[in-house]
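Student: Sharing a sequence plus its predicted fold:
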Amino acid sequence: FSLMQLGSLILFLFAYQTFAHVLPKASQHIVSTYWNEGARVVPEHPISLTIALKQRNVDWLEQTVLKVSDPRLPSYGKYLSVEELASKMAPSREDINVVRSWAKSLGATKIDLSLSRDFLSVEVPAQALEASLGVEFKTYKHKGSGRVVVRTTDHVTLPSEVAEKIDLITGLHEFFDHASERKKMSTTRVAKDTNAPSFLKIKGSESDVDTFVTIYCKDGTVATSLENPCAGHGPKPVSIKVIAGTVQSSIPIASPLCDVESQLVCEVDLIVQPFRRVNVTAQTTYEDGTDSDITQFPTAYAPSPWVTPQYIYEMYNIPQGLRATHPNNSQSVVAFEEQYISLTDLKMFFADLGLPYQEPTIVGQNDPSNPGGESTLDIQYVMGVGAGVPTTFWSVTGPGPAKPPGQGAYVLEWAKQISDTVHAPLVTSISYGDTEQGFFAKFGNYNYITRMNSELAKMAARGLTVVAGSGDAGASNVGEAGNDISDTDPTCTPMRPFFPSNSPYVVSVSSTFPTTNALPICNMNYTHNPVVCNQVGEVAVGVNQGVEWTTGGGFGNLTKTNDWQKDMVETFLSLSEGDLPPSQFFNSSGRAYPDVSTLGRNLVCVWNGKVWPCSGTSASGPVLAGILSLLNDIRLNNDDPPIGLITPLLYLVQEDEGVYFRDVVVGDNFSGDVQQRGSPYPTFCPYGFKTQPGWDAVTGLGSPNFQTLSVVVSKF
């Protein structure tokens, strides 16, 4: 290079850095692990983009939410409309036009501005977009499900005058998949260091331990057929014995209770003393008379009863038969990941439980021939608990005007749709989420979370309530195979906050289950015998409490502790001194969650025409949403505005009087999920949070008392 050439190069690089902005993209690991790259798309293929425009007055929005949500202020309940929010927060007309002109320069054939004036939905022929951005769009086929998306993995560079006016663009780089797709990629793990059977799952009632046991051959290979399950791997297994406490049962492998999908699994059912935790073991006998090694469920199993809407009403002091009556009340569940509902299942659920049937409204795509377990649970329990409330099943299947559906849209697309809806459902349960770290891995930054928090704040300012589950694998989310958008988290540290449950603008809910062991003294030894308690209460769902999974909770890294919860959180931190994780593993000044807890284990569901037990914080979400809808009904019938972001009210009244929630004082969220044979992930972890009197990072304020809450919501 000559000096003149070098100077020109420096000027060029400076200009590039000043006038161009490179968009972040998904990690190459995610793409290569889960997707097969295909051919370049045809030139006329439509590429659908959603552009989140940078908003004005975000700090004002935060203060506005506080003003309309604090029952002590005269501005309480004075919510804003979509247009009022847009007039304050939408970009200027000039800024919108800059981005719109840029979209036109890309060759866009369709440009739609949302009612909130802070989203653009754009459709561009692939050839025009490739030429404008200097990239290639290709098909990518998921290795598990075969679902195909169109994306680019090339760097996308934006002019700085455009980049400074947007928060993010979806439809270019993100590769959303979901747990059911990744699960199809997994292979049977073989652990030949033992031939012990393994527990695939355990279910049942308060006196029933119904085990599903995977059979292994004598050399440690998993059995894969009924007729000749161990051909070439030793003698044939002939029976399986399971012991639960002092009760045992043995069945022949030739029994109708044994079946094969990818591996040989036998169902062995045992009747035990109600509610008493029991050690559960299993052992196989082979035709040569020898026995396998003994396997033991990793925690003393805790039997608990089936839960119905009527049981929930009884536990939470809701009058049996109560139904909402106000015509302007509304609630919804939102679904992603091609999760659909069957109205046939819904009708059967209502009929089997003796409840009057009510038809939901369906927004978006639905395939009733392919109902998803998550959506089935959500719609049945928000409607079963929020009885009589007009209900919407809100299905989000693709980004913007994506055709065909299934392009992998996620929570921000739903938020955009809500911002485009003048009369949105007053309460929504969202059973989806991932860790903050998972969002970063998917997007390369936290912009998605930041913008989603802003959208949730807008909903709160409109008087809308959003309920989100706190996660199903403890404070660290370790070993959770059901992450919505990211790989399974492999280690016990650090603590991994779960979004959107840790957003300041949602009601975060964790899970409990009913048991007579709801006080610390229950089952403690007294003169060498356990203290047996008889009153049914609630404890936190967790592996250490005898359940296969662990409810989430903790502290966010991206937002601070909410003002309305600060005093109770500080009390918890003080009471927990010595029991907290090391400070480098969690952010004690972050948004503390959950806010409350409800029953989330063994809920009766009807799925594909059969009765199933449903569990998860995604079960607690629609339960709580239904309860909040009933509280909304009281306010609406009193000509009061809806509850909106109810958390400031809940913390205020509970701190003052303490009669609005049942305190949950047994449990922790140290561990993750019970892992299957050969899993590389731990089940037990050394760190997490423990329940304490008052608010805690396991069950929040506790479980709701509808009778007292129904009085207090009428006072403001």
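Tutor: Sure, I can see it.
Student: quick one, what contacts F498?
Tutor: G433, D434, T435, E436, S470, G471, N477, G552, G554, Y593 (Cβ atoms under 8 Å, 6 or more residues apart in numbering). (C-beta placed from N, C-alpha, C; glycine too.)
Student: Next, find the distance separating it from Y593.
Tutor: 8 Å (Cβ to Cβ, to the nearest Å).
Student: Quickly list what's touching both of the two.
Tutor: Both F498 and Y593 are contacted by S470, G554, under the criterion Cβ under 8 Å, 6+ apart.
Student: helix or strand for A282, which one?
Tutor: Here A282 sits within strand 280-286, counting by DSSP states H and E.
Student: which strands and helices sit next to whichever helix or strand comes after that strand?
Tutor: Using DSSP H and E, the next helix or strand after strand 280-286 towards the C-terminus is strand 295-296. Counting contacts by 3 or more Cβ pairs under 8 Å, 6 or more residues apart in numbering; DSSP states H and E, strand 295-296 is packed against strand 280-286.
Student: Check the offset of the strand it packs on from the chain's centre.
Tutor: Offset of strand 280-286 from its chain centre (Cα atoms, centre = their mean, to the nearest Å): 35 Å.
Student: Tell me what angle the helix or strand containing C266 forms with strand 280-286.
Tutor: Following DSSP H and E, one finds C266 within strand 264-271. Counting by axes from the mean of the first three to the mean of the last three Cα atoms, to 10 degrees, strand 264-271 points 130 degrees away from the direction of strand 280-286.
Student: can you list the residues that contact strand 264-271?
Tutor: 200, 204, 207-215, 222-226, 229, 237, 240-242, 244, 247-251, 253, 255, 257-259, 282.
Student: how about it: buried residues?
Tutor: Residues L264, V265, C266, E267, V268, D269, L270 are the ones in strand 264-271 that count as buried (16 or more other Cβ atoms under 10 Å).
Student: can you put the contacts of F498 in TSV and add pLDDT?
Tutor: TSV is the format used below for the contacts of F498 (pLDDT from 0 to 100):
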residue	pLDDT
G433	92
D434	92
T435	94
E436	95
S470	97
G471	95
N477	94
G552	97
G554	98
Y593	98
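Student: Now intersect these with the strands, please.
Tutor: Among the contacts of F498, DSSP state E puts D434, T435, G554, Y593 in strands.
Student: Neighbour-wise, give me the winner out of the residues you listed.
Tutor: G554 (33 neighbours; other Cβ atoms under 10 Å).
Student: Does it touch F499 like I think?
Tutor: No: the pair G554 / F499 is not scored as a contact, 11.6 Å apart, by Cβ atoms under 8 Å.
Student: Out of the contacts of strand 264-271, which end up buried?
Tutor: Looks like these have 204, 208-209, 211-215, 222-224, 229, 237, 240-242, 244, 251, 253, 258, 282 buried, using 16+ other Cβ under 10 Å.
Student: Quick check: what element follows the longest helix along the chain along the chain?
Tutor: Longest helix in the chain by number of residues (criterion: DSSP state H): helix 617-637. Next helix or strand after helix 617-637 toward the C-terminus (DSSP H and E): helix 647-657.
Student: For that next one, which helices and strands make contact with it?
Tutor: helix 58-69, helix 566-575.
Student: on contacts alone, who are the packing partners of the next helix-or-strand element following the longest one?
Tutor: When you say that, I think you mean helix 58-69. Next helix or strand after helix 58-69 toward the C-terminus (DSSP H and E): helix 82-89. Judged by 3+ Cβ pairs under 8 Å, 6+ apart, helix 82-89 is in contact with helix 58-69, helix 447-461.
Student: where are the low-confidence patches of this structure?
Tutor: 1-20, 26-27, 186-192, 398-409 (pLDDT under 70).
Student: in it, which residue is closest to the centre?
Tutor: Y432 (3.2 Å; Cα atoms, centre = their mean).
Student: In this structure that one contacts F336, no?
Tutor: Yes: if you go by Cβ under 8 Å, Y432 and F336 touch, sitting 5.6 Å apart.
Student: Identify the contacts common to these two.
Tutor: By Cβ under 8 Å, 6+ apart, the residues touching both Y432 and F336 are Y410, V411, D484.
Student: for the residue nearest to the last one when sequence neighbours are not counted, which residues make a bridge with it?
Tutor: Same thing as D484. Spatial nearest neighbour of D484, chain neighbours left out: D434 (4.7 Å); criterion: Cβ to Cβ, 6 or more residues apart in numbering. Here D434 shows beta-bridge partners F499, assigned using DSSP bridges.
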